[in-house]
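1. Generate a structure from the sequence data that follows.
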Amino acid sequence: MPIARKRGSSSEGELKGSFDGAQRGPIYERLMNAIAEHRLHPGTKLAEDRLAAIFGVSRTVVRAVLQQLSHELVVTIVPNRGAFIASPTVEEARELFEARRQIELPIVEKVCRSATKKDIALLRAHVAREQEARKRDDRRTAVRLSGEFHVLLAHLGGNRFIERTMRGLQMLTCLTILLYDAPTSQACPHDEHGCLIDAIEDGSVKLAQKLMVEHLAHIEASLRLHAPEEEEDDLEAILLRGASS
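-> Down below sits the predicted model:
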């Protein structure tokens, strides 16, 4: 005679956890795409109840997504205030590009040595979609695709942890561009990805790494990464303002 399982058994808990996990994925992707396309701006508050209503899920599911984004530094959670899209400081922005150089040069080397014809075709197809978006003047799609190119390189490198790290860095780059440059600027110069693919196809590790360094330098140089100048307080004006003569 089969034994009836009690409500709330481990099996039921596993099913609920699996269901919640299936719900979290699409919400995570929606938020990441909105950041990549510059539709969500730095500092935007992500209220749990509002997101839960938008996606038709529980606040518990939303909270788990926000925690994941927080671990990836894309979202900042402030106690008693809530979750906000990250706003990288000037110092963090500089550290971000340094991190990208340290991560992307080994990625390029690995892809140069292991890329198949199928991989090269995949990269060229991606760049073609990016160029088509530029021709349509679809800047949001072009910006997202230009960033995803770097994530695709990490994917072809075959290390899931590095790929995940690269995606987080790319999201932070998108936010940095929004903070420190005009929205009309291009995240990636349109022809540099194609030149990088040529070097990868030829297996030219040193050239590919040189091109990547120059590519990242061009993006960083296009940003206004300087702290606002602090104006010295005019103590005389402050202290004597309103004083009787």
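2. Does N33 touch R144 like I think?
-> Yes. At 6.6 Å, N33 counts as touching R144 under the criterion of CB atoms under 8 Å. (Each C-beta comes from the backbone N, C-alpha and C, glycine too.)
3. When the two are compared, which one has more neighbours?
-> Taking other CB atoms under 10 Å, N33 and R144 do not tie; R144 has more neighbours (24 against 15).
4. so what pLDDT did the closest residue to the more buried one other than its chain neighbours get?
-> Once flanking residues are discounted, R144 sits nearest to A36: 4.2 Å by CB to CB, 6 or more residues apart in numbering. Listed pLDDT for A36 reads 89.
5. Break the protein into its domains for me.
-> Per automatic domain parsing, the structural domains of the chain span 15-85, 90-221.
6. Let me see the ranges of the helices in the protein.
-> 10-36, 48-55, 59-71, 90-114, 117-135, 139-157, 160-180, 192-202, 205-221, 235-240 (DSSP state H).
7. Could you say which one of those comes nearest to P42?
-> Ranking the helices of the chain by proximity to P42 (CB to CB) places helix 160-180 first, at 4.9 Å.
8. what inclination does the closest one have with respect to helix 59-71?
-> Counting by axes from the mean of the first three to the mean of the last three CA atoms, to 10 degrees, helix 160-180 lies at 90 degrees to helix 59-71.
9. Quick one: mean pLDDT over helix 160-180.
-> The predicted model assigns helix 160-180 a mean pLDDT of 92.
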